[in-house]
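Engineer: Quick one, structure for this:
(2 chains)
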Amino acid sequence: MAASPATVPERPRPRLPATARRVASGMAVPVGSVVLAFVIGALIVLATGGDPLAAYQGLLCGGLGAFCTQGENPALQVSSTIVFTIPLIMAGMAVALPFRAGLFNIGAEGQFLAGAIACTTIGIHLGTLPAPILLPLVLLGGMAAGALWAGIAGVLKATVGAHEVVTTIMLNYVAQWLLRYLIIGGPLQLASGTSKSSPIGAGARLATLLPNDNNLVIFGLPSSVYRVHSGLLIALLAAAVFAFLLWRTTLGYEIRAVGQSQKAARYAGVSVRRTIIVTMLIAGAFSGLAGAIQIAGIDHNLTDKYFSDTTGFDAIAVALLGLGSAVGIVLASILFGALHSGSGVMQADAGISSSLVLVLQALILFSIAANFLGAIRLRLPGLGRAPAARPPDSPAAALMTEAAAPPPEGSPSAT
Amino acid sequence: MGHTRLRFLGVVAAAFMLVAACGSSTSSPPAKQYKVGLVTDIGGLNDKSFNHLAYVGLQKAITDLSVKGDVTESKSGDDYVPNLTNFASKGYDLVIGVGFLMAEAIGTVSGQFPNIHFAIIDGAGTDAKGNDLKHANVQSLFFSEQDAGALVGVVAGMLEKQGKAKKNAHVIGAVGGISIPPVNHYIAGYKWAATMEDPGIKVLIGYSNDFVDPAKCKGVAQGQISAKADILFQVAGQCGLGVLQAAGQNSVYSIGVDADQKDSDPSVILSALKKVDVATYTAIKGVVNGQFKAGALTFNVANDGAGYAIDNFSLPADIQTEVDNVKAKIKSGALTPPSDIPA
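Structural biologist: Residues are numbered from 1 along each chain as shown, chains lettered A, B, ... in the order given. Next comes the predicted model:
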């Protein structure tokens, strides 16, 4: 960047544009990836004989309650989007935090299920306790279970150098099959011939933001159709805790230091092993909380739908798209929640299969990971106004490279 | 999709008609067009099974009854409630949920929209504990799966008795998805009829605990094949396609379920049919004719809601005679296949 002659005193004017430019350039990759995905998605719809405008109008209506043409209720669509957003925020942080420490947590799904299982178990067995005791208990139980699940991978990484990608993926399977056992023939099964658990006690349930009443009409529909629950506040609080932890605490500094360079961190007196374990514990707690909130806020029991749940995998895309920052993750979660919620309306209105949304999500993730925009920028210098200080890689690519860092030195596999 | 453009034209045409109607006197209101929303379960429209059949029934209603029919495929269990609510909130006349897995969602949403009609395949509108809420706006479309199971069971039993199966060990198998009532009804009829034809037969029953992943069903099927089973009946939706493949790879016979699965694998000799298309069409017709009835509507062999199809196989004449004989007896009530799996 050409330095302006420092003859006059610092004017305040350049500060704001500089910040704005930094934010804008930071957002270029994720926003560009989303735009690119939508463009390619439109081409796919066109190629298969559909109308991309109708498809995206349906998505906008179902996701954000805007541009509805066929009598959809905007408030209902917004509520539905928020419901899908809540678990993604917390699971997204469960992936993003280990990224910062150079760890790739593929196990958010397993930790999510562990949290859901713990919440349900406590909510059933202590179901008669009053809400002020039971509700914190089920949420903390979910966090503890998620932390335990991720902690196994963390301890294995820190002690014997077992790669966390492998261990977390395997732990996903363990959690999925544990769930199958528990509700089909196992101790949590409601009755034989069912594939679900009993419902949790009334005290273990998170309140909906609007009254859960079939007879009270709000925005033209019974208020019980709006399923937005107080888990939203918990998710936003968790995002604030995440940001504070990462940028305002010693632990956060240590996590980032380990992620940048384990050698340098150790030289600076940071215990790499301890940091890895603690990072995974906290990440697991985030994901476990997501699972607990999904049970306490929406489902109230474990059902076979959790066999095909993908929250923890979507969370990987959310963390990458959100560039591992709290605000970014919240925004990315809203986008994914809106896509999820919009897919049904899109199919009902425009006749475009709701699978298009999965294509869009994959395209977003793909273009972030492949960093197409970086490549385009290199070819067309006119577009590239990135500050010279920026690293050449996209942040996501940088996160991925860090995640592929070797196991901590001094561990048996490295010696 | 081609019909999007058609629908657009339809909207334009409707708009013109509306304008025309406003211009003329409003003496005769146009005939009401009924709106039907169909929500699939996670199997999706291409499950070659009951979601597909429900869609076939809806298409027939669109053609024959001139209803407006829209479909939403659920991508996960999280989508059931929002997808049903979306149609209900838009004032659709009938919202159909396909599958037992949607029972709780139907129970919730039907309570919120007492003026909208709901129908559910294989289930009722239930609370979280699985109790039928008996809402006055919910119709349950049940099937006597045991009838269809019995008809294919007769063939399996006869083949074993006559030594016409591949291994001639008097062992047959059934692979269920999750142990839920509709699955067990099929297996109950199958085992009952096979035992009736060949009293010395051994019927192996296994569950994959899954309805989606063919690999899981394939594993169960291979276990049964290595235990000498040479006719395998799949009752596991999309997962069960793995059973048909396993049978094909091991050169034994297999039996499809719900829809005619002739094309899924050359090993498929028969399919036990559950005519979800008939049920869906019947439910829509009921609403259009103003004859919606809450509660259970059962489809069986007697009302042609259950049956069988002969696939990649030529059925020997004596077996055909016996199947026809048993079918007639079930129709007349002389034989009643059990709904619980016999010991």
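Engineer: how about the residues of the stretch 201-343 of chain B near chain A?
Structural biologist: B:Tyr207, B:Asn209, B:Asp210, B:Val212 (C-beta under 8 Å from any C-beta of the partner chain). All C-beta spots, glycine's among them, are computed from the backbone N, C-alpha and C.
Engineer: Looking at the residues you listed, which one is closest to A:Leu59?
Structural biologist: B:Val212 (25.2 Å; C-beta to C-beta).
Engineer: Give the full set of residues in contact with that closest one.
Structural biologist: A:Phe307, A:Ser308, B:Ile42, B:Gly43, B:Gly237, B:Gln238, B:Cys239 (C-beta atoms under 8 Å, 6 or more residues apart in numbering or on different chains).
Engineer: Narrow those to those in helices?
Structural biologist: Among those, DSSP state H puts none in helices.
Engineer: check contacts around the residue in chain B positioned nearest to chain A.
Structural biologist: Nearest residue of chain B to chain A, counting by C-beta to the nearest C-beta: B:Gly77, 2.1 Å away. Listed by C-beta under 8 Å, 6+ apart, the contact set of B:Gly77 reads A:Thr303, A:Asp304, A:Lys305, A:Tyr306, A:Ser308, A:Asp309, B:Ile42, B:Leu101.
Engineer: swap the cut-off to 7 Å and go again
Structural biologist: A:Thr303, A:Lys305, A:Ser308, B:Ile42, B:Leu101 (C-beta atoms under 7 Å, 6 or more residues apart in numbering or on different chains).
Engineer: how close does the first one sit to A:Ser79?
Structural biologist: According to C-beta to C-beta, to the nearest Å, A:Thr303 stands 21 Å off from A:Ser79.
Engineer: Look at those two and report which has more neighbours.
Structural biologist: The residue with more neighbours, out of A:Thr303 and A:Ser79, is A:Ser79; 24 against 21, by other C-beta atoms under 10 Å in any protein chain shown.
Engineer: ok, B:Gly97 - contacts?
Structural biologist: B:Gly97 touches B:Val39, B:Leu84, B:Ala105, B:Ile106, B:Ile120, counting by C-beta under 7 Å, 6+ apart.
Engineer: OK, contacts around the first one?
Structural biologist: Residues in contact with B:Val39 (C-beta under 7 Å, 6+ apart) are B:Thr72, B:Ser74, B:Tyr80, B:Asn83, B:Leu84, B:Ile96, B:Gly97, B:Val98.
Engineer: Please name the nearest non-neighbouring residue to residue 326.
Structural biologist: Just going to use chain A. Distance criterion C-beta to C-beta, 6 or more residues apart in numbering or on different chains; nearest residue to A:Ala326, sequence neighbours excluded, is A:Ala243 at 3.8 Å.
Engineer: could you do chain B instead?
Structural biologist: Leaving aside its chain neighbours, B:Val326 sits nearest to B:Val154 (5.1 Å; criterion: C-beta to C-beta, 6+ apart).
Engineer: how about residue 296, secondary structure?
Structural biologist: This is for chain A. helix (DSSP: H, G, I helix; E, B strand; the rest coil).
Engineer: You answered for a different chain; I wanted chain B.
Structural biologist: Assignment for B:Ala296 (three-state DSSP): strand.
Engineer: list the helices and strands the host helix or strand of B:Asn51 packs on?
Structural biologist: Element membership for B:Asn51 (DSSP states H and E) is helix B:50-65. On a contact count with 3 or more C-beta pairs under 7 Å, 6 or more residues apart in numbering or on different chains; DSSP states H and E, helix B:50-65 meets strand B:35-39, strand B:68-72, strand B:94-98, helix B:276-288.
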